[in-house]
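> Let's see this in three dimensions:
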Amino acid sequence: MIAVIDYGVGNVGSIINMLKKLGIPSVLTCEVEEIVKADKIILPGVGSFDVGMQKLKKSGLIEILKKHALIDKKPMLGICLGMQMLGISSEEGIEAGLNFIPFVNKKFVFDNNSINNNLKIPHMGWDLVYPTSQFEPILSGLDTKQRYYFVHSFYAICENTENIILECNYGFKFAAAVKKGNIYGVQFHPEKSHKYGMALLKNFSEID
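This next block holds a predicted model:
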């Protein structure tokens, strides 16, 4: 069973619908009891970093997320803002992140005099991503060139490059997906990314 965390931020319906289409048991919840019983957690999110962290604090779920991911070592997947919140901090606000994976979130900035001055912010739409050299179960069976749907203005800068498992190029290379142990984060929206997103979510559901 996958618990999709419902803390008032994010298009959770599309995630639940995708999991249902894949035949993966899931529950949309903010109840501690259901999260404790779950084998895995998905932390979704759209919008601003501070609002996301404030709502997560207000939900009272931070400690149970820490227990699930850091103590019980159950798989966890952050999506979009949910991934950004797995990090240390963000330039978007002043709230501290969950600090599950050592990275900070920086805003895309393209100088008017640079060759990238035609790139718009947010980075929005379909884009190609490429796996880094290490194999990861969440990417099992996927092509070396994958295509996902993005909507974001901030990107992760990892302290350790070994935490980066997928890269995308938008003016420069950035981390499209990260991992530390049992904890994963994807900057894109797998629930909106058709066959590649479906395959990634299915792989996540099968991770021990």
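> all contacts plus neighbour counts: C-alpha atoms, from now on.
Will do.
> Measure how buried Asp111 is and give me the count.
10 (other C-alpha atoms under 10 Å).
> Check the spacing between it and Gly171 real quick.
11 Å (C-alpha to C-alpha, to the nearest Å).
> can you pull out the strands in the chain?
Ranges of strands within the chain are 2-5, 26-29, 40-43, 76-79, 89-90, 103-107, 123-131, 146-152, 154-158, 164-169, 173-180, 183-186, based on DSSP state E.
> Sheet partners, orientation included, of the shortest one?
The sheet places strand 89-90 alongside strand 103-107 (parallel), with pairing taken from DSSP bridges.
> and what of the third one?
Partner strands and pairing direction for strand 40-43 (DSSP bridges) are strand 2-5 (parallel), strand 76-79 (parallel).
> what comes into contact with the first one?
Under the criterion C-alpha atoms under 8 Å, 6 or more residues apart in numbering, residues 12, 16, 24-30, 34-35, 38-44, 205 lie in contact with strand 2-5.
> do the same with the last one
Applying C-alpha under 8 Å, 6+ apart, the set of residues contacting strand 76-79 from outside is 40-45, 69, 83-86, 182-190, 204.
> Report the mean confidence score over it.
Average pLDDT, strand 76-79: 98.
> count of neighbours near Ile79?
25.
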